[in-house]
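Asks: Structure for this input, please:
(4 chains)
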Protein chains: 2
Amino acid sequence: MTKNPVETIEVELGIFIRRFIAATTNKKVGNLDRAAYLLLHQISTHGSAGVKALAEEFHLDMSTISRQTAALEQKGYLYRIPDPQDGRAYSMQLTDSGTAELALNKQARLEYLTKHLQDWTLEDQQRFGELLNKFNCTF
Amino acid sequence: MTKNPVETIEVELGIFIRRFIAATTNKKVGNLDRAAYLLLHQISTHGSAGVKALAEEFHLDMSTISRQTAALEQKGYLYRIPDPQDGRAYSMQLTDSGTAELALNKQARLEYLTKHLQDWTLEDQQRFGELLNKFNCTF
DNA sequence: CTATATACTTGCATTATACAACTATGTCGG
DNA sequence: CCGACATAGTTGTATAATGCAAGTATATAG
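Replies: Next up, the predicted model:
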């Protein structure tokens, strides 16, 4: 039974998702769990944003993001700037501490991934990155 | 700043995981959520297995799998065969209803993915499948 | 035969999440 | 300008997935 490529992708995605979730859920690198890491990462790379924007980006409820950001603010990784144009809105920005913590995390993740991909050719690494990006773009 | 491929992969994996989880958590296709689908899929493709084996495969606690399989048994998608050699152990097997439900789900997922990948060349699809597989193999 | 290990279940606590209600602020039509 | 409605965010509550710990029944080793 020769599978069509889409079928292969479906199976492999299933395996991948299961393992990735198992490997990252409830596991912290330093002080950041997966959700916190992704939040800080988003703000770091796409600039400061409010609860609503982050909720939309992550497809989560505003209440969830509100709690997560409050926790990160509590830990001193974020601070909020009131929006000068809109008294209801805030903008989240990284503190120095948040930036440092994010960098530590990113490094740990890169080291892990690098080890994981050490036997891959550079070309395969590049191709995988490109295809993942392509996949994400059409999500 | 030209990123090395591993860095690209790290970023894209983050985006991917976030979106995939958002798209599949708490969403059922037919009667199966993601966990149930993966459980039935595992049993279907790798043969009947006990709670312990499934827990190890998924890197989840036995208690979690115990509850999930109990729920699937309740719905009539699984049945358990006592292990003839070991009075403590069981083996989970799909019922016809479970097989049918799994097939329905798989088809829905394939349709979704096919639509998602419709603009990809066949070569890119094959490559993506291969690279995902390669990635999973070294997890 | 007793002690210990194993397969599984169940009770309990924790956590992430969504939804709904609420507060405060903004906007728009008269 | 005012009242109605919309919007950004917070908080209360319910639910669901999970892990850990304790319990049950069976196996195994000495």
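Asks: list the contacts for A:D33?
Replies: A:N26, A:K27 (CB atoms under 8 Å, 6 or more residues apart in numbering or on different chains). (Glycine included, C-beta is placed from N, CA and C.)
Asks: Could you do A:T114 as well?
Replies: Applying CB under 8 Å, 6+ apart, the residues contacting A:T114 are B:V6.
Asks: Which helix or which strand is home to A:L102?
Replies: Assigned by DSSP states H and E, A:L102 falls within helix A:96-116.
Asks: Show the subsequent helix or strand relative to that helix.
Replies: Next element after helix A:96-116 (DSSP H and E): helix A:122-137.
Asks: That next one - contacts with which helices or strands?
Replies: helix B:5-24, helix B:122-137 (3 or more CB pairs under 8 Å, 6 or more residues apart in numbering or on different chains; DSSP states H and E).
Asks: what's the closest of these to DNA strand D?
Replies: Closest to DNA strand D of the helices and strands packed on helix A:122-137 is helix B:5-24 (CB to the nearest atom of the strand; 11.0 Å).
Asks: contact partners of the closest one?
Replies: Residues outside helix B:5-24 that contact it (CB under 8 Å, 6+ apart): A:13, A:17, A:20-21, A:24, A:34, A:37-38, A:41, A:45, A:58-60, A:106, A:109-110, A:113-114, A:117, A:122, A:125-126, A:128-130, A:132-133, A:135-136, A:139, B:3, B:34.
Asks: With stretch A:60-68 instead?
Replies: By CB under 8 Å, 6+ apart, the list of residues contacting stretch A:60-68 reads A:A35, A:A36, A:L39, A:V51, A:K52, A:L54, A:A55, A:F58, B:A22.
Asks: Enumerate every residue touching A:I81.
Replies: A:S48, A:Y90, A:S91, A:M92, A:Q93.
Asks: What of A:L131?
Replies: A:L131 touches B:D124, B:R127, B:F128, B:L131, counting by CB under 8 Å, 6+ apart.
Asks: so what pLDDT did the nearest residue to the third one once chain neighbours are set aside get?
Replies: Sequence neighbours aside, A:L131 is the residue nearest to B:F128 in space, at 4.5 Å (criterion: CB to CB, 6 or more residues apart in numbering or on different chains). pLDDT, A:L131: 95.
Asks: Next one: A:L78 from chain B, what distance?
Replies: 18 Å (CB to the nearest CB, to the nearest Å).
Asks: Report how many residues lie close to the residue nearest to A:A108 when sequence neighbours are not counted.
Replies: Nearest non-adjacent residue to A:A108, counting by CB to CB, 6+ apart: A:V29, 4.5 Å away. If you count neighbours by other CB atoms under 10 Å in any protein chain shown, A:V29 ends up with 18.
Asks: correct me, but A:V29 touches A:Y37?
Replies: Yes - with contact defined as CB atoms under 8 Å, A:V29 counts as touching A:Y37 (7.4 Å).
Asks: tell me, what's touching these two both at once?
Replies: With CB under 8 Å, 6+ apart as the test, A:V29 and A:Y37 both reach A:N105, A:R109.
Asks: Looking at A:Y112 now. What's its pLDDT?
Replies: So A:Y112 comes in at 89 (pLDDT).
Asks: err, A:I43, not the other one
Replies: 96.
Asks: quick one on the thing from earlier: so which of the helices and strands packed on helix A:122-137 comes closest to DNA strand C?
Replies: Of all these, helix B:5-24 comes closest under CB to the nearest atom of the strand, at 7.1 Å.
Asks: what is the rounded mean pLDDT of the closest one?
Replies: 88.
Asks: Okay, buried residues for that helix please.
Replies: B:5-21, B:24 (16 or more other CB atoms under 10 Å in any protein chain shown).
Asks: Checking it against DNA strand D, do any of its residues make contact.
Replies: No - judged by CB under 7 Å from any atom of the strand, helix B:5-24 stays clear of DNA strand D, getting no closer than 11.0 Å.
Asks: As PDB, could you dump the C-alpha coordinates of that helix?
Replies: Extracted in PDB, the C-alpha atoms of helix B:5-24 (Å, rounded to 0.1, in the frame of the first residue of the first chain):
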ATOM      1  CA  PRO B   5      18.300  26.900   9.800                       C
ATOM      2  CA  VAL B   6      17.900  25.600  13.300                       C
ATOM      3  CA  GLU B   7      16.700  29.000  14.400                       C
ATOM      4  CA  THR B   8      14.200  29.100  11.600                       C
ATOM      5  CA  ILE B   9      13.000  25.700  12.600                       C
ATOM      6  CA  GLU B  10      12.700  26.700  16.200                       C
ATOM      7  CA  VAL B  11      10.500  29.700  15.300                       C
ATOM      8  CA  GLU B  12       8.400  27.900  12.900                       C
ATOM      9  CA  LEU B  13       7.800  25.000  15.200                       C
ATOM     10  CA  GLY B  14       6.600  27.400  17.800                       C
ATOM     11  CA  ILE B  15       4.100  29.000  15.400                       C
ATOM     12  CA  PHE B  16       3.100  25.600  14.200                       C
ATOM     13  CA  ILE B  17       2.500  24.100  17.600                       C
ATOM     14  CA  ARG B  18       0.500  27.100  18.800                       C
ATOM     15  CA  ARG B  19      -1.800  27.000  15.700                       C
ATOM     16  CA  PHE B  20      -2.100  23.300  15.600                       C
ATOM     17  CA  ILE B  21      -3.100  23.100  19.200                       C
ATOM     18  CA  ALA B  22      -5.600  26.000  18.800                       C
ATOM     19  CA  ALA B  23      -7.100  24.200  15.800                       C
ATOM     20  CA  THR B  24      -7.500  20.800  17.300                       C
END
